[in-house]
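> dropping a prediction and its sequence here:
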Amino acid sequence: MVQRTVLKVDVSCQKCKKKLLKAVSALEEVVVVDVTCGKKETTELEGFIFVPRKDVLACYLGTFVETPLPEDRGKAVATLSKALEYFLKKAEKNHVLAGAIGLGGTGGTSLLSSAFRSLPFGTPKVIVSTVASGRTEQYIGASDLILFPSVVDICGINSVSKVVLSNARAAFAGMVIGELETEKSIDYCKNNDKFTVGLTMYGVTTPCVSAVKERLVKEGYETLVFHATGVGGRAMESLVRDGIIQRLQIMVGGVMACDSSRFDAINEKKIPLVLSVGALDMVTFGTRETIPSKFLHSKIHLHNDQISLMRTIADENKEFASFIANKLNRSSSKIRVCLPQKGVSALDAPGKFCYDAEATGAFIEEPQKLIQINEDRQMKVYPYHINDPEFADALVESFLEICSGNPKDFFSEPCRDLHENFVFDVNSSSYMELLVKV
């Protein structure tokens, strides 16, 4: 079956379009899909298979009666984005899609990115964008979408845009070739003969996660480590839903903002979970100037020029524990909660920035009150720091226990001799919406 590279370009800029497509067309059959929002439609494009906007809309709406776009540009962008998503998914389902590339400004990037994110992990997806160098999470989300900064506006060919578009087309062509040659697709990942384990990690929990990873590899598992920066956890849960992380997961560490959907994919897929807490002793902000004024009285540590850390307090830690307990109590998965009594990050130790006996004690006690223990959902407090080798071993043993089919007696009496350094880490919004990230 012929594989095609499906592209969307801003056909109002003919020179940009042709520059972008030139190299790719020599490699695969190129289909140009028009999703521009202007009143004037393009009906053909010399040298390429062309799908006009009316056909994209007809495919989405299920009728070949010509339907005009909404007059409001925002609504028009939303409609075309949904139509393009439907079109791309249909091409993917029919195995005629090798990749997708497009270019646009703010509206075009919004339109394209929403549709491109719907494509499976591993399918090449690229956008040359005027907003690629700003805040891009809203466009990329948890996907593997690539944004190329256009540097100059997309308005014809000049000495700068010529270089940018040439580099983008070459990179995209390489992705398509690589995808076809090495089967870097979601099906390839799903057909991996090893069980895949997802782990989350932050810099201050690196010794723990590295030790867990090394041990799991020796046990025959493939490990995927995600940087717990908010989007890292969402990317992991996206792969859980896609079936790439098939059954198993260990989570240690977390920082920056998550949302209320955290743990939902794990609960939906009933994936066995070993849960610990790492880096939840701090709230992460940008530069000191970005910290809301009401938090400036808190204990602040300048991690580097771009990152500031704020120490959490006992009341906040109780809220974090409540969030996690509510999620876990609704789960029917096999769960082991492992709590390191002597600290949850490299900064959570005597003499370090996050050392706080009250805050630590509050979080150690709260999960024991709130998490409902049963045969499948169990919890244990260990007399170790999170980065101690013994704690890493305990995590792996808990993992092997719930995955072996021969669970041991995991119940234990709650630890009463609480160490002063044990807390959670979150990222908060300007109004301190305490959304847990673990």
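Okay, I see it. Just so we're clear, the structure is a prediction, and the values are computed from it rather than from any experiment. Residues are numbered from 1 along each chain as shown.
> from here on, contacts and neighbour counts on C-alpha atoms
Will do.
> got the buried residues for the helix or strand hosting Lys162?
Per DSSP states H and E: Lys162 is located in helix 159-182. For helix 159-182, a neighbour-count test (16 or more other CA atoms under 10 Å) marks 161-162, 164-166, 168-169, 172-173, 175-177, 179 as buried.
> check stretch 310-322 too.
Judged by neighbour count (16+ other CA under 10 Å), stretch 310-322 contains these buried residues: 310-314, 316-322.
> distance from it to the middle of the chain?
Remark: stretch 310-322 is offset 24 Å from the chain centroid, using CA atoms, centre = their mean, to the nearest Å.
> same deal with stretch 292-305?
Using CA atoms, centre = their mean, the offset of stretch 292-305 from its chain centre is 26 Å.
> what's the first-to-last distance across it?
17 Å (CA to CA, to the nearest Å).
> ditto for stretch 325-334
Note: stretch 325-334 ends 14 Å apart using CA to CA.
> next helix or strand past the helix or strand encompassing Ile324?
Using DSSP H and E, Ile324 maps to helix 314-329. Heading C-terminal from helix 314-329, the first helix or strand you meet, by DSSP H and E, is strand 335-340.
> moving C-terminal from that next one, which element do we reach first?
Next along from strand 335-340, by DSSP H and E: helix 357-370.
> which elements pack onto the helix or strand just after that following helix?
Using DSSP H and E, the next helix or strand after helix 357-370 towards the C-terminus is strand 377-382. On a contact count with 3 or more CA pairs under 8 Å, 6 or more residues apart in numbering; DSSP states H and E, strand 377-382 meets strand 335-340.
> go again with 10 Å.
If you count contacts as 3 or more CA pairs under 10 Å, 6 or more residues apart in numbering; DSSP states H and E, strand 377-382 packs onto strand 273-275, strand 335-340, helix 357-370, helix 389-404.
> list the buried residues of the longest one.
Of the residues in helix 389-404, 391-392, 394-396, 398-402 count as buried by neighbour count, 16+ other CA under 10 Å.
> so that helix versus strand 335-340, what angle?
170 degrees (axes from the mean of the first three to the mean of the last three CA atoms, to 10 degrees).
> strand 377-382 and helix 389-404, what's the angle between them?
160 degrees.
> again with the third one
Taking the same axes, to 10 degrees, one finds that helix 357-370 is oriented at 150 degrees with respect to strand 377-382.
> do the second one as well
An angle of 10 degrees separates the directions of strand 335-340 and strand 377-382 when computed by the same axes, to 10 degrees.
> what is the mean pLDDT for strand 335-340?
What strand 335-340 shows for mean pLDDT is 92.
> kindly report the same for the shortest one.
Per-region confidence: strand 273-275 scores 89 on mean pLDDT.
> of the helices and strands packed on strand 377-382, which is nearest Ala91?
If you check each of those against Ala91 by CA to CA, strand 273-275 wins as the nearest, at 35.5 Å.
> what's the helix or strand where Cys59 lies in contact with?
Applying DSSP H and E as the criterion places Cys59 in helix 53-61. Outside helix 53-61, the residues that touch it by CA atoms under 10 Å, 6 or more residues apart in numbering are 33-37, 41-43, 62-69, 79-88, 90.
> any buried residues in that helix, and which?
Quick answer for helix 53-61 (16+ other CA under 10 Å): 53-60.
> can you lay out those as TSV showing pLDDT and distance to Leu216?
Listed next are those as TSV, based on pLDDT from 0 to 100; distance: CA to CA, whole Å:
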residue	pLDDT	distance to Leu216
Arg53	91	50
Lys54	89	52
Asp55	90	50
Val56	91	47
Leu57	91	49
Ala58	88	50
Cys59	84	47
Tyr60	86	46
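> domain parsing of this protein, as residue ranges.
4-186, 192-436 (automatic domain parsing).
> which of those domains has the lowest mean pLDDT?
domain 192-436 (a mean of 76).
> now the helices for the chain?
Assigned by DSSP state H, the helices in the chain fall at 14-25, 53-61, 73-93, 106-116, 137-140, 159-182, 186-190, 206-218, 231-242, 264-269, 314-329, 357-370, 389-404.
> nearest to Thr287, of these?
Going by CA to CA, the one of those nearest Thr287 is helix 137-140, 18.5 Å.
> neighbours around the closest residue to Asn317 other than its chain neighbours, how many?
Across the structure, with CA to CA, 6 or more residues apart in numbering as the measure, the residue nearest Asn317 apart from its sequence neighbours is Phe363 (5.5 Å). Other residues lying near Phe363 total 29 when counted by other CA atoms under 10 Å.
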